[in-house]
Structures are given as structure tokens and as C-alpha cells.
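**Q** Pasted the sequence and its predicted model underneath.
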Amino acid sequence: MSKVTDYSAKQLLNYKAELVEEYKKLSKLNLNLDMSRGKPGPSQLDKSNEILDSLSSYKLENGVDARNYGILDGIPELKRLFSNLLDIDTDDIIIGNNSVLNLIYDTVARLFIFGTLGSTPWCRLEKIKFLCPVPGYDRHFKILEEFGIEMINIPMTQEGPDMDMVEKLAASDETIKGIICVPVYSNPDGTCYSDETVRRLAKMKTAASDFRIFWDNAYVIHYVYEKVNVLNILREAEKYGTEDRIYYYFSTSKIMFPGAGVAMIASGRKSITEIHRFMSVQTIGSDKINQLRVFNFLKNVENINKHMDILANCLKPKFDVVLDTLKHEFESTGLCRWSHPKGGYFIALYTLDGCAKATVELAKRAGLILTSAGATHPYGNNPHDNCIRLAPSYPECDELEKAIEIVCVCAKLACVNKLLNKDLLDV
Ligand SMILES: Cc1ncc(COP(=O)(O)O)c(C=O)c1O
């Protein structure tokens with residue numbers, strides 16, 4: 001296809017007429033599709049059903065009875081497994097309950113109420129700011145917003161957040177207390193941080209002594225096309241004595257059943273000891289039965305890798321449908337570009353500026369729910385209104401084919417309307 005952005009007004013009008021016809025045809029199908037959240041589909045969930053029968057004993061490897069109270073920081077066999085998987089010392093790991101988001105929320109809450117390692121609790125300070133790489137994950141932004149934290153957009157590059165900007169801001173403003181990162185197959189554009197980015201984050205100077213890096217490694221092993229090894233930030237931080245600056249999160253949500261697995265936090269020894277102390281007031285025992293079930297299912301690193309190959313095989317055809325269609329429909333048009341993730345759960349679609357919200361609305365009217373267009377940015381506000389998160393994991397391929405067809409027609413319509421200076425929703 002030739003470059004639509006170079007079309008004459010007459011060519012644009014002709015093209016729009018074709019698109020309107022296509023749009024009306026699709027609308028008449030009365031579809032009811034949803035591509036909004038990164039949930040595994042039912043056939044992917046089936047690959048983990050074995051976990052439902054994975055509990056034959058309640059004895060832990062150290063003889064402890066998993067049915068009773070006790071053990072706050074995770075059963076030893078699961079801590080060892082995560083230690084081997086992620087190359088983190090077992091003593092620097094705490095296994096939590098089922099959700100990384102819950103652990104992140106608790107961490108922020110503790111920092112507000114108690115501060116960390118002797119620093120002033122954030123609730124006593126007039127302003128707290130965070131650096132937020134964009135596009136990013138709406139649930140992270142929601143947590144920060146809930147605590148009244150001012151969020152500063154940091155543009156993503158191919159190598160992670162714009163580190164010149166991050167270093168400059170973190171070094172110059174004491175009210176900037178942290179950054180929240182998804183370093184591997186990021187949500188939503190699938191970016192993997194370069195070694196240099198990880199090193200710079202680990203060693204950068206920060207004006208605030210209690211500056212913290214929230215390292216949400218949710219997708220570290222969720223490859224689809226290619227396994228990418230991003231540098232271990234805790235190991236890097238150890239070289240500079242900044243390991244307590246890192247809060248490293250991981251969960252099994254997308255490995256097995258979301259919401260029914262386990263989550264993990266790791267950090268430097270001082271931070272972990274502190275978190276352990278707080279937790280010992282919150283609870284007198286974690287859910288060891290679930291941890292044992294997870295351990296019995298995952299077994300060892302080799303087995304986890306085999307399982308991730310199976311999941312990649314579930315996701316690949318779905319990503320193929322979306323990526324191939326985007327290429328076919330948009331390559332060389334000048335209308336949209338998109339990310340090319342090697343893994344994770346999402347693809348980011350970039351329309352012409354100002355056209356993302358209209359695309360999502362047109363899709364909704366045609367029977368397809370997409371993630372709302374601002375969700376990729378703090379406060380739901382993308383100043384360029386150009387980014388849509390596509391989540392291909394839940395629908396089956398035949399539904400996805402229809403869904404992505406709708407996305408393409410709607411994005412084209414919104415963009416062509418913009419080029420024609422028309423109302424973006426005009427069809
Ligand atoms: C970056 C990121 N972190 C965390 C989560 C949720 O993890 P959990 O289910 O462990 O709370 C998601 C889910 O989409 C995610 O994309």
C-alpha cells in the first residue's frame with residue numbers, strides 16, 4: 001500500500017468511502033469481542049490443570065507441617081526454586097500471597113506510613129513524585145495515583161526509559177522517590193531494558209536517599225518469539241552498594257492460574273529484613289499449602305522452562321495473527337506503527353497523534369472492547385493520544401482475526417478523518 005499520509009484530498013475521500021463500507025459490514029455482524037486485558041485464554045489455562053492435583057502431602061522438605069501456622073517468608077523449596085530461576089539469594093527473597101500488585105501496593109503503603117531504613121515516612125512530606133516510563137502499566141499508575149504521588153512521564157526508548165532524563169531528574173529533585181519499571185517484555189510495548197540501562201539505574205545518583213526502584217519483573221520468563229536475558233539488577237546493584245534501592249517483584253500469575261499462584265519480593269538484605277519485620281506483625285503464617293502446590297507443579301528450573309515453551313506455543317499463533325495483520329494493513333501507509341515484542345502479553349499500536357481514543361470508541365461501537373486509550377499513561381492521560389494496548393492472549397485465533405480486522409479499520413478511519421480535518425468518529 002502507498003503512503004496514505006501523502007494522498008490528495010480526493011484520494012483520501014475515496015479511501016474513506018471504502019473504509020466506511022468495511023466498517024459498516026463489520027458492525028452488522030453484532031460481534032461481542034474483548035481484547036482489553038492480558039489474561040491467558042482457557043486453552044492456555046488448561047496447560048496448567050495438573051496443579052489441581054499436585055498436592056499429595058502436606059509435609060514440607062524440612063518436615064514442617066504446611067497445614068499449620070508458621071513460616072512467613074515462603075517455604076524453603078519454593079524460595080530455592082525462585083532463587084535458582086532468577087539468580088537471587090534465598091535470604092533476599094520473601095514469597096507473598098497471590099499478587100505482585102498487592103505486594104507493590106503494600107510496599108508503597110509501608111513507605112508512606114513508616115518510611116524505610118530510618119527515612120522520613122512519605123506521608124509526612126508535602127510532595128512525593130515518581131518517574132513513570134510511558135507507555136506503561138495502568139495498574140501501576142493507579143496505585144501511585146491512589147497515594148497522591150505525582151507521576152512524571154518518562155518516554156521509553158528501544159533500550160528502556162530515557163536514562164538521561166531519569167538520571168537528571170533523580171539526581172536533582174529530592175521529592176522524586178522512585179521509578180516503576182517492567183524491565184522485560186514491558187507492558188504494553190514489549191521493550192526489554194538494555195544492559196546499559198540496568199547498570200545506569202543501579203548506579204545512578206539520587207537526591208533522595210530513600211529513592212526506590214520498583215522492578216516488576218512480571219514477564220521475565222514469558223517469551224513468545226525469543227528468550228531475552230536482561231541483566232540482573234540486584235547483582236548489578238550489589239556492585240555499587242545500592243541493592244536496598246531495588247524492590248524486585250515476580251509472580252506466577254501468567255505461568256499458571258492468575259490470582260491462584262504466588263508472588264515474590266526480593267531486595268537487599270537490609271530492606272528484606274525490614275519487610276520481614278513488618279510482615280511478622282501483619283500475619284503469623286503465609287499460605288504454605290498453596291506454595292507447596294505451586295512448587296510441586298513447577299518442580300525445577302528445567303521443568304519451568306519446558307512449561308514456558310508450551311505457553312509460548314499457545315501465545316505465538318495469537319501474536320502472529322495480530323502482528324501479521326498489522327503488517328499487512330499498515331506497512332508503508334504512514335498511518336500506524338506498532339511494537340514488535342519478543343514476549344510478554346501485549347503489543348502497542350501507535351496511531352497518528354490524536355487518533356487513539358477515537359479508534360477505541362469506533363471499535364466499541366463495532367462490538368470490540370479495547371483497553372481505553374489513555375490507560376498506558378499516568379492519570380489515563382496520554383498527551384499525544386496515540387497509543388493503544390492490544391492484548392491478544394485471551395481470544396482464540398478465529399476471534400482475534402475478526403478483532404484485529406476491526407482495530408485496523410477503526411484506526412484507519414480515525415487517521416483518515418484526521419487527515420481530512422473531519423470529526424474523527426465520522427463514519
Ligand atoms: C507488569 C505487570 N505486573 C503485574 C501484573 C499482575 O500481576 P499479579 O497478578 O501478580 O498481581 C500484570 C498483569 O497484567 C502486569 O502486566
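**A** Perfect, thanks for sending it.
**Q** Mind picking out the helix or strand in this protein with the poorest mean pLDDT?
**A** The weakest-scoring helix or strand in the chain, judged by mean pLDDT, DSSP states H and E, is strand 33-34 (a mean of 94).
**Q** Strand partners (parallel or antiparallel) of it?
**A** Looking at strand 33-34 with DSSP bridges, its partner strands are strand 368-369 (parallel).
**Q** Show me how far the partner strand is from its chain's centre.
**A** 20 Å (C-alpha atoms, centre = their mean, to the nearest Å).
**Q** Now do the helix or strand following the least confident helix or strand of the chain, average pLDDT.
**A** Of the helices and strands lying after strand 33-34 in sequence (DSSP states H and E), the nearest is helix 42-46. Per-residue pLDDT values over helix 42-46 give a mean of 96.
**Q** by contact count, what packs against helix 42-46?
**A** Helices and strands touching helix 42-46, by 3 or more C-beta pairs under 8 Å, 6 or more residues apart in numbering; DSSP states H and E, are helix 301-330. C-betas here are computed from N, CA, C, even on glycine.
**Q** Now do the same for whichever helix or strand comes after the helix it packs on: mean pLDDT, whole number.
**A** Going down the chain from helix 301-330, the next helix or strand is strand 337-338, by DSSP H and E. In this model, strand 337-338 has an average pLDDT of 98.
**Q** strands paired with strand 337-338, and their directions?
**A** Short version: by DSSP bridges, strand 337-338 pairs with strand 347-350 (antiparallel).
**Q** starting at the chain centroid, how far to the strand it pairs with?
**A** 14 Å.
**Q** Pull up the residues of the stretch 151-300 of the chain that are close to the ligand.
**A** Applying C-beta under 6 Å from any ligand atom, we find that the stretch 151-300 of the chain lies next to the ligand at 182, 187, 216, 218, 251, 253, 258, 263.
**Q** try 5 Å
**A** 182, 187, 216, 218, 251, 253, 263 (C-beta under 5 Å from any ligand atom).
**Q** What I need now is the residues you listed written out in CSV, including secondary structure and neighbour count for each item.
**A** Converted to CSV, those look like this (DSSP: H, G, I helix; E, B strand; the rest coil; neighbours: other C-beta atoms under 10 Å):
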residue, secondary structure, neighbour count
V182, coil, 27
N187, coil, 25
D216, strand, 26
A218, coil, 24
S251, strand, 26
S253, coil, 21
A263, strand, 21
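**Q** Spatially, which two of the residues you listed are the most separated?
**A** Among those, the pair separated by the greatest distance (C-beta to C-beta) is N187 and A263, at 15.9 Å.
**Q** Tell me the pLDDT of the residue lying closest to R110 once chain neighbours are set aside.
**A** With sequence-adjacent residues excluded and distances taken as C-beta to C-beta, 6 or more residues apart in numbering, R110 is closest to F278, at 5.8 Å. We have a pLDDT of 96 for F278.
**Q** measure F278 to the ligand for me?
**A** 19 Å (C-beta to the nearest ligand atom, to the nearest Å).
**Q** Can I take it that that residue is in a helix?
**A** Yes. Assessed with DSSP: H, G, I helix; E, B strand; the rest coil, F278 lies in a helix.
**Q** coming back round to it: out of the residues of the stretch 151-300 of the chain next to the ligand, flag the one nearest to E126.
**A** The closest of those to E126 turns out to be D216 (C-beta to C-beta; 27.3 Å).
**Q** partner residues bridging the closest one?
**A** Y249.
**Q** I figured it was touching Y137, is that so?
**A** Yes. D216 is within contact range of Y137, at 7.5 Å (criterion: C-beta atoms under 8 Å).
**Q** Provide the secondary structure category for A109.
**A** A109 ends up helix, using three-state DSSP.
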